[in-house]
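Chemist: all I have is the shape, not the residue letters:
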């Protein structure tokens, strides 16, 4: 198996496990990641996900040997690596050790939050090979960091240190080397303690609001808000607060 999953409470931890090729993505791995994202979305008991790589590297992008053999590691409906085009509806945190470059960086950008080791390295070096990043990185990068910063990264193809990425606002939390996964799981567990409908709705609004016009944005927000406000979980949250106890979420 090239991808392993495990659950920790309401968190699904997904590990790309191809350290012999620095976790490069072939078609089988892309399908396995897509399957894991589908599992996250359809499982009521799961509220958030963590995506990481084994062996001290996050991911170095497309498996070039597989590419030369005619493979295309893109899954219909999900895109490159089973996540880059259509991430899951629930929040996913990238836990980054080592290199997250080329398609690996595009996977990071498809995640909602980033927890990275101080020694992590990011980059879109495709222009150095006469190519361009085609897995969504050029679309998402200017949404995640200031435009001029992202444009410089993309046009030069230079590698970006974890400190530079943090200063640009890409990284939520910076950890000691070897502690990115633990840091990401701890953050995901904090998210998973909250109401699952509220978490999913919050991501939906904040992800899509940039595409809403000023005239429609409140109406679109209320479309998402009202069913959650009327849910059993909303009543449970209010009752638990009043009764000074932990809520028991049902996801409905």
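Modeler: Received, thanks. Given the structure is predicted, the values throughout are model-derived calculations rather than measurements.
Chemist: same for the one helix or strand residue 185 maps to, what does it pack against?
Modeler: If you go by DSSP states H and E, residue 185 is part of helix 180-192. Counting contacts by 3 or more C-beta pairs under 8 Å, 6 or more residues apart in numbering; DSSP states H and E, helix 180-192 packs against strand 3-8, strand 11-16, strand 48-53, strand 92-96, strand 113-117, strand 173-175. The C-beta positions use only the backbone N, C-alpha and C, and glycine is treated the same way.
Chemist: packing partners of the first one?
Modeler: Pointing back at strand 3-8 there. When contacts are defined as 3+ C-beta pairs under 8 Å, 6+ apart, strand 3-8 sits against strand 11-16, helix 27-42, helix 180-192.
Chemist: contacts for the last one?
Modeler: Residues outside helix 180-192 that contact it (C-beta atoms under 8 Å, 6 or more residues apart in numbering): 8-11, 13, 46-50, 52, 91, 93-97, 113, 115-117, 120, 172-173, 175, 199.
Chemist: got the buried residues for the worst-scoring helix or strand of the chain on mean pLDDT?
Modeler: Of all helical and strand segments in the chain, the minimum by mean pLDDT, DSSP states H and E falls on helix 64-68, at a mean of 80. Of the residues in helix 64-68, 66, 67 count as buried by neighbour count, 16 or more other C-beta atoms under 10 Å.
Chemist: and it, how far from the chain's centre?
Modeler: Between the centre of helix 64-68 and the centre of its chain there are 25 Å (C-alpha atoms, centre = their mean, to the nearest Å).
Chemist: got it, and stretch 28-37?
Modeler: Using C-alpha atoms, centre = their mean, the offset of stretch 28-37 from its chain centre is 14 Å.
Chemist: cool, stretch 88-96 as well?
Modeler: With C-alpha atoms, centre = their mean as the basis, stretch 88-96 stands 3 Å off its chain's centre.
Chemist: straight-line length of that stretch, end to end?
Modeler: Separation of the first and last residues of stretch 88-96 by C-alpha to C-alpha, to the nearest Å is 19 Å.
Chemist: per the record, what domains does this protein have?
Modeler: Here the domain parsing of the chain from automatic domain parsing is 3-192, 196-243.
Chemist: tell me which of those sits most buried.
Modeler: domain 3-192 (a mean of 20; mean count of other C-beta atoms under 10 Å).
Chemist: list phi and psi for the residue most central in space within the chain.
Modeler: Computing the C-alpha centroid of the chain and ranking residues by C-alpha atoms, centre = their mean puts residue 111 first, at 1.6 Å. Phi and psi for residue 111, reported as degrees, to the nearest 10, are phi -80, psi 160.
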